[in-house]
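S.K.: sequence isn't available, so here's the structure alone:
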C-alpha cells in the first residue's frame, strides 16, 4: 500500500455484504500509534446489519497474525462484534 511505511497490503472489502462508507474525520489512534494503519485505510468501512464473514485460505502449517482495527466513522450506536 503506497501510504503504509511497513509496506503492508490492505485489501478493501467488496461491500457485497453491506454498504461502503467513508469519512473525512481525523481519526486518532488510541493505542499503539506506531503500528497504526494509513489514515486512508481507516477512513473507509463497510456497514451492514447482517454478519460480514471473513474467510481465509492458508497453508495449515504456517502461522498467521491477525490484527483488527476499529474506528467510529458514524455516530456511535449499540453493536455486537463476534471474532
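M.R.: Structure received. The structure presented is a predicted model; accordingly, all values stated were derived computationally and were not measured.

S.K.: where does the prediction get shaky in the protein?
M.R.: The chain contains residues with pLDDT under 70 at 1, 12-15, 31-33.

S.K.: nearest residue to the middle of it?
M.R.: In the chain, the C-alpha nearest the mean C-alpha coordinate belongs to residue 69, at 5.1 Å (Cα atoms, centre = their mean).

S.K.: so where does that one fall, helix or strand?
M.R.: Using DSSP states H and E, residue 69 sits within no helix or strand.

S.K.: wait, residue 36 touches residue 30, no?
M.R.: No: between residue 36 and residue 30 there is no contact under Cβ atoms under 8 Å: 9.5 Å. No exception for glycine: its C-beta is placed from N, CA and C like everyone else's.

S.K.: more neighbours, these two?
M.R.: Using other Cβ atoms under 10 Å, the more surrounded residue of residue 36 and residue 30 is residue 36, with 15 against 9.

S.K.: helices of the protein, start to end?
M.R.: With DSSP state H, the ranges of helices along the chain come out as 39-42.

S.K.: any chance you could map the strands in it?
M.R.: With DSSP state E as the criterion, the chain has strands at 19-22, 44-47.

S.K.: please identify the most buried of those strands.
M.R.: Most buried of those, by mean neighbour count (mean count of other Cβ atoms under 10 Å): strand 44-47, with a mean of 16.

S.K.: any idea how far the residue in the chain sticking out farthest from the centre is from residue 54?
M.R.: Of all residues in the chain, residue 61 has its C-alpha farthest from the mean position, at 25.8 Å, by Cα atoms, centre = their mean. Distance, residue 61 to residue 54, using Cβ to Cβ, to the nearest Å: 21 Å.

S.K.: over to residue 30?
M.R.: Counting by Cβ to Cβ - residue 30 and residue 54 are separated by 23 Å.
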